[in-house]
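Engineer: Give the three-dimensional model of this entry:
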Amino acid sequence: MFGIVHGGLNKEKRIESLRMLLDMGFDGLAIGGSLGKSKKDLFELLENIMPNFPNPLPRHLLGIADYKSISVGVAQGIDSFDSCYPTRMARHGTILTQGDETLNMRRSTFAQQFSEPLVPGCECSTWVVHVHLIFDEHMSVLGVAATREL
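Structural biologist: Take a look at the predicted model:
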């Protein structure tokens, strides 16, 4: 069970919350509550409080999972993330790749690209086998669902 560290952007309140949760003996710790109004706020928050988290306790960041936040979070010591972001992107026909790049599978350039990886140089079987099979099978469903949401 994870305890959730609260305290908004206030470093002292976050550290106080962290200490109280450590005394309770949780299996891991999550950072939740208000994480600021911008990525800058979030990144400053992580920079300020992560040095206070003990190892080897797992550390989780609630509700954040975009590429930039994951990169910064991992560098600051976050172990896991959760978010609806990847699912939302996939539901709209978008594939997340390494870095900040995304691929919109509804573009005609991907319609018949079955023999080449979607990302040049990628040798993993996901690109060559699974992704095309899944999108070929479900593209019409994705198209209808995306149109309804517009």
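Engineer: Enumerate every residue touching residue 52.
Structural biologist: With contact set as Cβ atoms under 8 Å, 6 or more residues apart in numbering, residue 52 has these partners: 15, 18. Quick note: C-beta positions are derived from backbone N, CA and C, even for glycine.
Engineer: Make residue 1 into 363 and carry on from there
Structural biologist: OK, 363 is where the count begins now, so the last one is residue 414.
Engineer: Tell me how far the most centrally placed residue in the chain lies from residue 451.
Structural biologist: By Cα atoms, centre = their mean, the mean C-alpha position of the chain lies nearest to residue 427, the distance being 1.9 Å. Per Cβ to Cβ, to the nearest Å, residue 427 is found 10 Å from residue 451.
Engineer: and what of residue 363?
Structural biologist: In terms of Cβ to Cβ, residue 363 sits 30 Å off from residue 451.
Engineer: got it, and residue 378?
Structural biologist: Distance, residue 378 to residue 451, using Cβ to Cβ: 37 Å.
Engineer: do residue 393 as well
Structural biologist: Taking Cβ to Cβ, one finds residue 393 at 23 Å from residue 451.
Engineer: Who has more neighbours out of these two?
Structural biologist: Of the pair residue 393 and residue 451, residue 393 is the one with more neighbours under other Cβ atoms under 10 Å, namely 27 against 16.
Engineer: which other helices and strands contact the helix or strand encompassing residue 450?
Structural biologist: Secondary structure from DSSP states H and E places residue 450 in helix 447-453. Helix 447-453 sits against strand 456-458, helix 494-511, with contacts defined as 3 or more Cβ pairs under 8 Å, 6 or more residues apart in numbering; DSSP states H and E.
Engineer: got the buried residues for it?
Structural biologist: 447, 451 (16 or more other Cβ atoms under 10 Å).
Engineer: same question, stretch 364-381
Structural biologist: By neighbour count on 16+ other Cβ under 10 Å, the buried set for stretch 364-381 is 364, 365, 367, 368, 369, 371, 376, 377, 379, 380.
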